[in-house]
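Novice: Task: produce atomic coordinates for the following.
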Amino acid sequence: MNGFSRAGVIGAGAWGTALAQVCLRAGLDTLLWAREPEAAAAINTEHNNPLFLPGVDLDPRLAATTDLADLAGRDVLLAVAPAQHLRATLIALGPALRPGLPVVLCAKGVEQGSLKLMTEVLADTAPQTIPVVLSGPSFAGEVARGLPTAVTLACADPELGRELAQALATPTFRPYWTHDLIGAEAGGAVKNVLAIACGIVEGRGLGRSAHAALVTRGFAEMTRLAVALGGEAQTVAGLCGLGDLVLTCSSPQSRNMTVGLALGRGESLQAALAGKLSVAEGVASAPAVRALARKLGVETPICEAVAAVLAGERDLDEAIGGLLARPLRSEREH
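Specialist: Now for the predicted structure:
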């Protein structure tokens, strides 16, 4: 048995709603915070979330609230607010973030401006809490429906990490524990940018060979950046890096890949994002990942190219041509 019985989930988007389902299946009394009153109302009365997770029946036991103060007193909080909004959400939580409370960070990205990972944002806003990172190959709809999924759960304290993994595990949701928070975060942040690149390759009709090359070289960029930040290459080679990259770069279910597909087919970024409630984290993370890599002196040509395209600094053909014209080198070269 573990010491967790009451979970709070911050954010009723597709991923937050799916994780609330996981918590309930794992036997946790679960409360989901929604920013949108209509989402909370639908969850409480209709047991669905048509705004963000249409077509999925939710556990009738799932309760939603629009008041962050209601999350006080929970044994563990899962923070699923988008990366660029996490800081403001944590500040708003205030007293609910009591000393020693495990906060499981489920958003993937690098904060614009500060160039900080989500654990650093948590350290800034609530240093009294215990950071945990959940990341891995997981589409919200599949997780919400109870389809088999495995993820990385990163926690510096091995005993706490094992307890949390046990508390969140279900017959179809398998958390694998690691101590390496930075490696787990870096993989999740960079893969969203690479997914946009893979969508562009697909939308441009450049072929499966180009797609495979981009995923492989993108993984090299992800690993270099993670190691420069202090993470471990072995972590990035697991579910939270390579696993997540394979999933996100291979299916139009991925919001980030869908944006890339639209760009590759000639749509503007504004058109690609139009009418979408769910956040494509890679769009916001791309300039931050580029700036962070430059700050650390790490070569990330694919992420650089994506950031330049999204910023309107280069057109697609110019960016693709630039990547193909890079000097030949050893595959193991950094």
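
Novice: now the strands for the stretch 1-150 of the chain?
Specialist: For the stretch 1-150 of the chain, applying DSSP state E, counting those that start in this stretch gives strands covering 6-10, 29-33, 63-65, 76-79, 102-105, 130-135, 149-154.

Novice: which helices and strands does the third one pack with?
Specialist: Using 3 or more C-beta pairs under 8 Å, 6 or more residues apart in numbering; DSSP states H and E, the elements in contact with strand 63-65 are strand 29-33, helix 37-45. C-betas here are computed from N, CA, C, even on glycine.

Novice: Can you check which of the ones you listed gets nearest to Met222?
Specialist: Among the helices and strands packed on strand 63-65, strand 29-33 comes nearest to Met222, with 30.9 Å by C-beta to C-beta.

Novice: Going by neighbour count, which residues in the helix or strand of the chain with the lowest mean pLDDT are buried?
Specialist: Lowest on mean pLDDT, DSSP states H and E among the helices and strands of the chain sits helix 269-273, with a mean of 91. Residues of helix 269-273 classed as buried under the neighbour-count rule (16 or more other C-beta atoms under 10 Å) are 272-273.

Novice: Equivalent analysis for stretch 286-293, please.
Specialist: In terms of neighbour count (16+ other C-beta under 10 Å), stretch 286-293 has its buried residues at 286-290, 292-293.

Novice: Look up how far Asn256 lies from Arg265.
Specialist: Counting by C-beta to C-beta, to the nearest Å, the separation of Arg265 from Asn256 is 15 Å.

Novice: out of the two, which sits in the busier spot?
Specialist: Higher neighbour count among Arg265 and Asn256: Asn256, with 27 against 14, using other C-beta atoms under 10 Å.

Novice: that older thread, roughly how far out does the least confident helix or strand of the chain sit from the chain middle?
Specialist: When C-alpha coordinates are averaged (C-alpha atoms, centre = their mean, to the nearest Å), helix 269-273 and its chain have centres 21 Å apart.

Novice: Okay, now the unreliable bits of this structure?
Specialist: Applying pLDDT under 70 to the chain flags residues 1-2, 276-279, 334.

Novice: show me the biggest helix of it in terms of residues.
Specialist: Longest helix in the chain, counting residues (DSSP state H): helix 181-204.
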